[in-house]
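> Structure for this input, please:
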Amino acid sequence: MTVVETVKEAIGLGDAPAAAPASRQAMSDAKLPLAYRDSCAHLLIPLNQCRYNEFYLPWKCVDERHSYEKCQYDEFKKRVAKMDEIRAAKDGARSN
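Down below sits the predicted model:
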């Protein structure tokens with residue numbers, strides 16, 4: 001493995017599979033609201049724990065927050081791409 005591949009894998013840009021999603025039991029134990037139980041919940045659970053341990057100070061838990069927000073952004077991009085694909089299949093017609 002080259003240095004570039006090692007760095008990419010360390011920051012989450014490598015070809016390695018993504019982290020396993022949180023189980024329903026883990027989300028329930030963490031008391032996540034239903035609206036936040038999505039494919040990024042496995043990152044939200046440690047973020048909320050860090051926030052609780054650090055008394056919700058905004059300059060703490062920056063790495064956890066960034067990884068959670070990046071996951072949310074990537075999911076948004078996937079949804080937009082899927083909607084563009086659906087619109088292209090319907091010759092650009094909107095659903096509403």
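> Tell me where the protein is predicted with low confidence.
1, 3-18, 95-96 (pLDDT under 70).
> how about 80 then?
Confidence mapping of the chain against pLDDT under 80 gives the ranges 1-19, 92-96.
> how far away is T2 from D74?
25 Å (Cβ to Cβ, to the nearest Å). Heads up, the C-betas are built off the backbone N, CA and C, glycines and all.
> Compare neighbour counts for these two and give me the winner.
D74 (14 against 7; other Cβ atoms under 10 Å).
> Specify the local secondary structure of that one.
helix (DSSP: H, G, I helix; E, B strand; the rest coil).
> ok, now the one 5 residues further on?
With three-state DSSP as the basis, the three-state label of R79 is helix.
> Spell out which helix or strand contains the spatially most central residue of the chain, please.
By Cα atoms, centre = their mean, the chain has its centre lying nearest to C71, at 2.4 Å. Here C71 sits within helix 62-89, counting by DSSP states H and E.
> Give the buried residues for that helix.
E64, R65, S67, Y68, C71, Q72 (16 or more other Cβ atoms under 10 Å).
> quick one, what contacts the fourth one?
Read that as Y68. C40, L43, L44, L47 (Cβ atoms under 8 Å, 6 or more residues apart in numbering).
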